[in-house]
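Participant: structure, please.
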Amino acid sequence: MPDAVASHRNRLLATLFWLLVVSAAALATGPSAQAQTGLSGIDVSNWQRQIDWVAVAGTGNSFVFAKATESTTFTDLTFPLNRSGSTVLGMRFGAYHMGRPSGSSDPAVVASAIAQADYFLSVATPLKGELLPVLDVEYDGGLSVPRLTLWVQTWLAQVVARTGLKPIVYVSPSFWKTRLGDSPVVAAAGHRLWIAHWTKAALPILPGASWGGLGWSFWQWSNCQKIAGITGCVDGDRFNGSSLTGVVVPAYPVGAPTSATAPTIVGGPQAGKQLAAVPGTWGGGKPVTFGYQWQRCDAAGRGCAAIAAATGRTYTPTAPDVGHALLVRVSAVTPAGTASASSSATLAVAASGATGGAAPKAQKLPMVQGGNQVGQVLTAQVGTWTGSPTSYSYQWRRCATGVTSCVAITGAGGDAYTTSPGDIGSVISLTVTAIGAGGAGSATAKPTAVIVAAPVPAPAVENTIAQAGEAGAVTTVTGVATATWQPGALPNQAAVALVDATSHLSLKGTSVKLSFGAVAPLPWPIDVQYPAAPADAVPGILPLQGVWQPLAELPTPILPAAQQAGTYRDAAGTLHLLTRTAGRMALFAAGKWGDPRYATASKPRVALVNHVVTAKGADGSLVVYGRITLDTQAHLYVSLAAANGKKLLLPQKGSRVGWWLQGKPATTLQALQLQPGALPFRLRVPAAQLRAKGPRTLRIAALDPYGRRSTLVVKLG
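Facilitator: Purely as a prediction, here's the structure:
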């Protein structure tokens, strides 16, 4: 590390230590409070060199993205300083990787993307409460549009597989349109957009069909902002929303990993040509790390045994592999356990340079048979081929209507596919690959009609049983809410119940309890509808334990795969709560006591912003004043005790706790704070109360809507 950077680090750490000793502000104004009030931020790297984060924190910026890595060899040395310096001062922090795509073949492209994703995660280690990780896409590495698209999708998929997080994509409109074919497939997979468009216009230009209709989440609107604490220019960013809560890393799930979709092998099996392993998708605990073991089998894919030293992400078949099929076994490891899964075996490895005749070619295109309703089965007809195919492989794809770019459906590699709720509004395409002695050839069937939702039956009252291939509905006795689901969301014969419940915090009559006989989270959400919800109602969800949590507002009626719950209103004004988990749901009065947007998962946290100040009044009274921060709604109780422990009688006139108080003198002053944030306090102690000598004790207690209490105690000289 250069001396200048090391010196700056020491000064920064010393400054931060001083702040923590003399002030509790850093702990009290954490990311949750900042996100409520700020929509602006910056992004930094080693180009900004020495940053005075104390000064930056005072500029009103709420968040910061910092460069962590580039390719598989460069780590930004300022990354740990930027992370510690910004987070301890209350800014929401996120890490990004500058991608350097490479590869002269599909396996090489896949290997490059996975290696860079793993390298980024080893350095960035995204933490709970930080912003979602970011892929910076501004280099093409000389790749074609299809291969660059493959590289980007593979990098994103690897981060999803290892962390369960959906990374954000940073890109300019022109780069995405020209180098990635203006495709909306990444948006369709649930990845948010950080658009780089430097302009003074009110809105940025958006690629990929307005990012699949989702719009932008972050906007880098300037590459040269001048702010305190940073020498020279820094990028300026904006967030498209009122709270950053929906774009932060949640608590990682715990437990042993479980295989969701099997690993796959990319590349044709031929001696001297590289193969790449894709680890598949995994449920259970996160983050997860992967290990690889390549195995050699007989020509039919049986009797497999490990190949010595073949434990990397890639493998290049050698002469001993000729005539044998290969597979890769992937081990997934979390702190709670290890699990393994194997790919399908390849065809027998061909000798180096072997051709074996002409590759198969379609004479009559494949066809898809079946209806276009969710829950129905589509079957593949392979068509007719030249080249004497010996086997066929299948890949079902989901395509936006009128768009030629499609995304492969994970796990859909058989000769039949059952349409799912995720297909609604899309068309389904099928690519058949015919394999013969001369190689392989592919052809794509005509896509289906647009997939539509299955008709929802009249709701049962309070409970019902899910039926395979059918939609379902259940409503409460009062009819305040109705839950509906599409085929595939619940297992066959799962018991579903929606009953009225009670909650002293929510709007009367709106609390309901949803339960279902299935393991959560569900692959597709259940839709809980409140047709008579007030226009300003705040929806909340209460899992099996904990506190009411606010629901993120969805830009479209689609719940992203990594999100447990969300809400939207349809054109008729009906409020919809989409959830993959069971629990209680209710509506709350906006800004009132119990509003889940203003309550925290833990007990209240109250801290001083600065020193408590004491001063003498003209009438001989003592005035005690200062500022505190509060991270939740709370009923505040403020008192001042003499050295002997006796509480002093405080006049309310001339005193304040947030606002000026009225009423008779009291030993404990009270105020109801409905929103978190910073607020002043001022206590006036009459001269008659000052006879007792010795230090006095200030106590500020906070009681939240759930009855949880915390107390700040300050000794005054």
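
Participant: and residue 536, how many neighbours does it have?
Facilitator: 10 (other CB atoms under 10 Å). No exception for glycine: its C-beta is placed from N, CA and C like everyone else's.

Participant: now do residue 535
Facilitator: Neighbours of residue 535 (other CB under 10 Å): 8.

Participant: hang on, it in a helix?
Facilitator: No: per DSSP: H, G, I helix; E, B strand; the rest coil, residue 535 lies outside any helix segment and is coil.

Participant: with adjacent residues omitted, what lies nearest to it?
Facilitator: Spatial nearest neighbour of residue 535, chain neighbours left out: residue 573 (7.3 Å); criterion: CB to CB, 6 or more residues apart in numbering.

Participant: next, count neighbours for the one you found.
Facilitator: Count around residue 573 with other CB under 10 Å applied: 10.

Participant: wasn't it part of a helix?
Facilitator: No: Residue 573: not assigned to a helix; according to three-state DSSP it is coil.

Participant: how close does it sit to residue 265?
Facilitator: 50 Å (CB to CB, to the nearest Å).

Participant: can you give me the distance of residue 557 to residue 142?
Facilitator: Residue 557 is 40 Å from residue 142, by CB to CB.

Participant: between the two, which is the more surrounded one?
Facilitator: Comparing residue 557 with residue 142 by other CB under 10 Å, the one with more neighbours is residue 557, at 14 against 11.

Participant: who touches the residue nearest to that one when sequence neighbours are not counted in this structure?
Facilitator: In this structure, residue 557 finds its nearest non-sequential neighbour in residue 568, 5.5 Å apart by CB to CB, 6+ apart. For residue 568, the contact set (CB atoms under 8 Å, 6 or more residues apart in numbering) comprises 553, 554, 555, 556, 557, 576, 578.

Participant: from residue 242, how far off is residue 568?
Facilitator: 15 Å.

Participant: how about residue 399?
Facilitator: Residue 399 sits 34 Å away from residue 242, going by CB to CB.

Participant: next: residue 258.
Facilitator: Counting by CB to CB - residue 258 and residue 242 are separated by 37 Å.

Participant: then residue 584?
Facilitator: 25 Å.

Participant: just to revisit the earlier point, looking at the contacts of residue 568, spot the one nearest residue 173.
Facilitator: Set against residue 173, the nearest of those by CB to CB is residue 555 (18.7 Å).

Participant: does the closest one sit in a helix, a strand or a coil?
Facilitator: coil.

Participant: number of residues surrounding it?
Facilitator: Residue 555 has 16 nearby residues by other CB under 10 Å.

Participant: list the contacts for the nearest residue to it once chain neighbours are set aside?
Facilitator: When the adjacent residues along the chain are set aside, residue 555 lies closest to residue 214, with 5.3 Å between them (CB to CB, 6+ apart). Residue 214 makes contacts with 187, 192, 193, 555, 556, as judged by CB under 8 Å, 6+ apart.

Participant: a strand runs through residue 214, doesn't it?
Facilitator: No: Residue 214 is assigned coil when assessed by three-state DSSP, not a strand.

Participant: and it, how far from residue 529?
Facilitator: In terms of CB to CB, residue 214 sits 22 Å off from residue 529.

Participant: neighbour count: residue 584 and residue 242, which is higher?
Facilitator: residue 584 (20 against 12).

Participant: which residues in the protein form helices?
Facilitator: Ranges of helices within the chain are 3-22, 25-28, 31-37, 53-57, 79-87, 106-124, 145-163, 173-179, 185-188, 207-212, based on DSSP state H.

Participant: for the fourth one, what is the distance to the chain centroid?
Facilitator: Meaning helix 53-57. Taking CA atoms, centre = their mean, to the nearest Å, one finds helix 53-57 lying 27 Å from the centre of the chain it belongs to.

Participant: got the CA positions of it in CSV?
Facilitator: Only the C-alpha atoms of helix 53-57 are listed here, as CSV (Å, rounded to 0.1, in the frame of the first residue of the first chain):
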residue,chain,number,x,y,z
TRP,A,53,-15.5,10.5,5.0
VAL,A,54,-16.4,12.7,8.0
ALA,A,55,-16.8,15.6,5.5
VAL,A,56,-18.6,13.5,2.9
ALA,A,57,-21.1,12.3,5.5
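
Participant: buried set for that helix?
Facilitator: 53, 54, 56, 57 (16 or more other CB atoms under 10 Å).

Participant: other SSEs contacting that helix?
Facilitator: In terms of contacts (3 or more CB pairs under 8 Å, 6 or more residues apart in numbering; DSSP states H and E), helix 53-57 is packed against helix 3-22, helix 79-87.

Participant: pLDDT of it, averaged?
Facilitator: Across helix 53-57, the average pLDDT comes to 93.

Participant: for the second one, same thing?
Facilitator: Taken as a whole, helix 25-28 has a mean pLDDT of 32.

Participant: got it, and the last one?
Facilitator: Over the span of helix 207-212, the pLDDT mean works out to 88.

Participant: give me the residues contacting that helix.
Facilitator: By CB under 8 Å, 6+ apart, helix 207-212 touches 171, 173, 176-177, 182-184, 186-188, 193, 400, 403.

Participant: give the buried residues for it.
Facilitator: Under 16+ other CB under 10 Å, the buried positions of helix 207-212 are 207, 208, 209, 211, 212.

Participant: for the chain, give me the ranges with low pLDDT.
Facilitator: The chain contains residues with pLDDT under 70 at 1-38, 300, 353-357, 402-405, 439-440.

Participant: isn't residue 322 right next to residue 271, touching?
Facilitator: Yes: counting by CB atoms under 8 Å, residue 271 is a contact partner of residue 322 at 5.5 Å.

Participant: are there residues contacting both of those two? Which ones?
Facilitator: Common neighbours of residue 322 and residue 271 (CB under 8 Å, 6+ apart) are 349, 350, 351.

Participant: distance of the closest residue to the second one other than its chain neighbours relative to residue 320?
Facilitator: What it means is residue 350. When the adjacent residues along the chain are set aside, residue 350 lies closest to residue 270, with 4.5 Å between them (CB to CB, 6+ apart). The gap separating residue 270 from residue 320 is 14 Å, by CB to CB.

Participant: looking at those two, which is more packed in?
Facilitator: residue 270 (21 against 11).

Participant: residues contacting that one?
Facilitator: Residue 270 neighbours (CB under 8 Å, 6+ apart): 317, 349, 350, 351, 352, 354.

Participant: these, buried ones only, as a ChimeraX selection?
Facilitator: Applied in ChimeraX, the following selects the buried portion of the contacts of residue 270 according to 16+ other CB under 10 Å:
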select :317,349,350
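
Participant: of the contacts of residue 270, which is the nearest to residue 623?
Facilitator: So of these, ranked by how close each gets to residue 623 (CB to CB), first place is residue 317, at 82.5 Å.

Participant: so the closest one touches residue 325, yeah?
Facilitator: No: counting by CB under 8 Å, residue 317 does not reach residue 325; the two are 10.5 Å apart.

Participant: thinking again about what came up before, and the residue nearest to residue 535, backbone torsions?
Facilitator: Backbone torsions for residue 573, taken as degrees, to the nearest 10, come to phi 90, psi 0.

Participant: help me confirm that it comes into contact with residue 536.
Facilitator: No: Residue 573 is not in contact with residue 536 according to CB under 8 Å; the separation is 11.9 Å.

Participant: grab the nearest non-local neighbour of residue 482.
Facilitator: That would be residue 475: by CB to CB, 6+ apart, it lies 4.2 Å from residue 482.

Participant: err, residue 591, not the other one
Facilitator: According to CB to CB, 6+ apart, the nearest residue to residue 591 is residue 674 (6.0 Å).

Participant: and for the closest residue in space to residue 411 that isn't next to it in sequence, the neighbour number?
Facilitator: With sequence-adjacent residues excluded and distances taken as CB to CB, 6+ apart, residue 411 is closest to residue 261, at 4.2 Å. Under the neighbour criterion other CB under 10 Å, residue 261 is assigned a count of 17.

Participant: perfect, I'm done here.
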